[in-house]
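*Asks:* The sequence isn't on hand, but the structure is:
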Ligand code: TYM
């Protein structure tokens, strides 16, 4: 059985962008793959975190996974820091990755824009190498992610190929899988940006734990345009197009069908209400399950079981790598 792996950072409340771009894909794929799903807490400290919040969020992210429909029957759930071997492999990868490759990472450029070197933690620079280790240590065949992470998965491919050519066939070269619709959910207030947990204002971000009133308010005040005509055009109508994409993804219909449903509607208020209804209809049952999952106390059991299997799989791979690199004694 082929393997799929993906991780999500616990650096803030999850957004509908995380859900549409990644978690929904996981749910669809879980039965057809040997699935590894992780909470990337080691990644999240590239920006300062409150340790108490981080502990709590690790568990909460896992509860969202389960509430969204992921099951321990199909998934090995783990917290990244429970499998410290990732960091050991990342060190080896850092030694075969050059600064030029990492300097080209778009996310690094965006996150460090306007900052002087003194204010940029090295971890922010080397973070994609740790992500490569997350992926390659499990020999993942596919990595479903939103489009913002595609470049990082491509770096993981390069690292796998580089290691394989230097030390002999060792790692599977993984494929990124990006959803056709919803690979980049945009901020509702500023559609030139992706919707992000760490946005400066929460107004353009729908969090999975937003209540119904907040969801409706955010959607009704989403930026649109002056045309007063619903249509899909990412360049000239990014706000409206973003809302149509959200609708299409949540209803699991193609973009043409979603566009046809609203085409020609001149009242943005009517259009936005339909989008808000759809988001509320999807998120409310997930929120209800989320509360139950946290209350039923199963999260720790899933994580203990998952960490055990993840350590076994990752441990075997790392032993092989250590031997190939020449560590220890022959
Ligand atoms: P993170 O935590 O920022 O996001 C988790 C997943 O959600 C997707 N995503 C989005 N998709 C569509 N629209 C959006 N607005 C949006 N915002 C986020 C992301 O693309 C991602 O798939 N580095 C990763 C976590 C990670 C990882 C890995 C992923 C660590 N190790 C190994 C895959 C494999 C990150 O920061 O994702």
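*Replies:* All right, it came through fine. Source: prediction; values computed, not measured.
*Asks:* and the closest residue to the ligand within the stretch 201-330 of the chain, how many residues sit next to it?
*Replies:* The stretch 201-330 of the chain approaches the ligand most closely through residue 205 (8.8 Å), counting by C-beta to the nearest ligand atom. Yep, even glycine has a C-beta here, placed from its N, CA and C like the rest. For residue 205, the count of nearby residues is 23 (other C-beta atoms under 10 Å).
*Asks:* My guess is residue 258 contacts residue 248. True?
*Replies:* Yes. Assessed by C-beta atoms under 8 Å, residue 258 is found in contact with residue 248 at 3.7 Å.
*Asks:* number of nearby residues for residue 307?
*Replies:* 19.
*Asks:* was I right about it contacting residue 85?
*Replies:* No. Taking C-beta under 8 Å as the definition, residue 307 is not a contact partner of residue 85, at 11.2 Å.
*Asks:* Need the per-residue pLDDT for the residue lying closest to residue 233 once chain neighbours are set aside.
*Replies:* Spatial nearest neighbour of residue 233, chain neighbours left out: residue 241 (6.2 Å); criterion: C-beta to C-beta, 6 or more residues apart in numbering. Looking at residue 241, its pLDDT stands at 97.
*Asks:* who's in contact with residue 241?
*Replies:* Neighbour list for residue 241: 191, 232-234 [criterion: C-beta atoms under 8 Å, 6 or more residues apart in numbering].
*Asks:* what about burial for those residues, which qualify?
*Replies:* Applying 16 or more other C-beta atoms under 10 Å to the contacts of residue 241, the neighbour count classes 191, 232 as buried.
*Asks:* Can you redo the contacts of residue 241 as TSV, where the extra columns are distance to residue 18, secondary structure and pLDDT?
*Replies:* Listed next are the contacts of residue 241 as TSV, based on distance: C-beta to C-beta, whole Å; DSSP: H, G, I helix; E, B strand; the rest coil; pLDDT from 0 to 100:
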residue	distance to residue 18	secondary structure	pLDDT
191	18	coil	96
232	23	coil	95
233	26	coil	95
234	21	coil	94
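*Asks:* right, and the pair among the contacts of residue 241 with maximum separation?
*Replies:* Spatial extent of the contacts of residue 241 (C-beta to C-beta) is set by the pair 191 and 232 at 12.8 Å.
*Asks:* Any idea how many residues pack against residue 248?
*Replies:* Neighbours of residue 248 under the rule other C-beta under 10 Å: 23.
*Asks:* wait, it sits on residue 257?
*Replies:* Yes. Applying C-beta under 8 Å as the test, residue 248 and residue 257 come out as touching, 7.2 Å apart.
*Asks:* quick one: the helices in the stretch 1-150 of the chain?
*Replies:* Applying DSSP state H, counting those that start in this stretch to the stretch 1-150 of the chain gives helices spanning 16-18, 24-29, 41-44, 51-68, 85-94, 99-103, 106-112, 122-136, 150-167.
*Asks:* and the second one, which residues are buried?
*Replies:* Pointing back at helix 24-29 there. Under the neighbour-count criterion of 16+ other C-beta under 10 Å, helix 24-29 has 24-27, 29 buried.
*Asks:* Now do that helix: which elements does it pack against?
*Replies:* Contacts defined by 3 or more C-beta pairs under 8 Å, 6 or more residues apart in numbering; DSSP states H and E place helix 24-29 against strand 3-8, strand 34-39, helix 51-68, strand 142-144.
*Asks:* how about the longest one, does it reach the ligand?
*Replies:* No. Helix 51-68 does not reach the ligand (C-beta under 6 Å from any ligand atom); its nearest approach is 8.8 Å.
*Asks:* hmm, who's touching that helix?
*Replies:* 8, 10-12, 14, 19, 23-24, 26-27, 37, 39, 41, 44-45, 72, 75, 77, 79, 208, 286-287, 289-290, 292-294, 298-300, 302-303.
*Asks:* Return the distance of it from the chain's centre.
*Replies:* 14 Å (C-alpha atoms, centre = their mean, to the nearest Å).
*Asks:* now that helix against strand 3-8, angle please.
*Replies:* 130 degrees (axes from the mean of the first three to the mean of the last three C-alpha atoms, to 10 degrees).
*Asks:* Let me have the helices and strands packed on helix 24-29 in CSV, adding distance to residue 124 as columns.
*Replies:* Converted to CSV, the helices and strands packed on helix 24-29 look like this (distance: least, C-beta to C-beta, whole Å):
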stretch, distance to residue 124
strand 3-8, 17
strand 34-39, 19
helix 51-68, 17
strand 142-144, 21
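*Asks:* how about those, which one is nearest residue 252?
*Replies:* helix 51-68 (13.9 Å).
*Asks:* Just give me the neighbour total for the closest residue to the ligand within the stretch 51-200 of the chain.
*Replies:* Relative to the ligand, the nearest point of the stretch 51-200 of the chain is residue 146 (2.3 Å; C-beta to the nearest ligand atom). For residue 146, the count of nearby residues is 22 (other C-beta under 10 Å).
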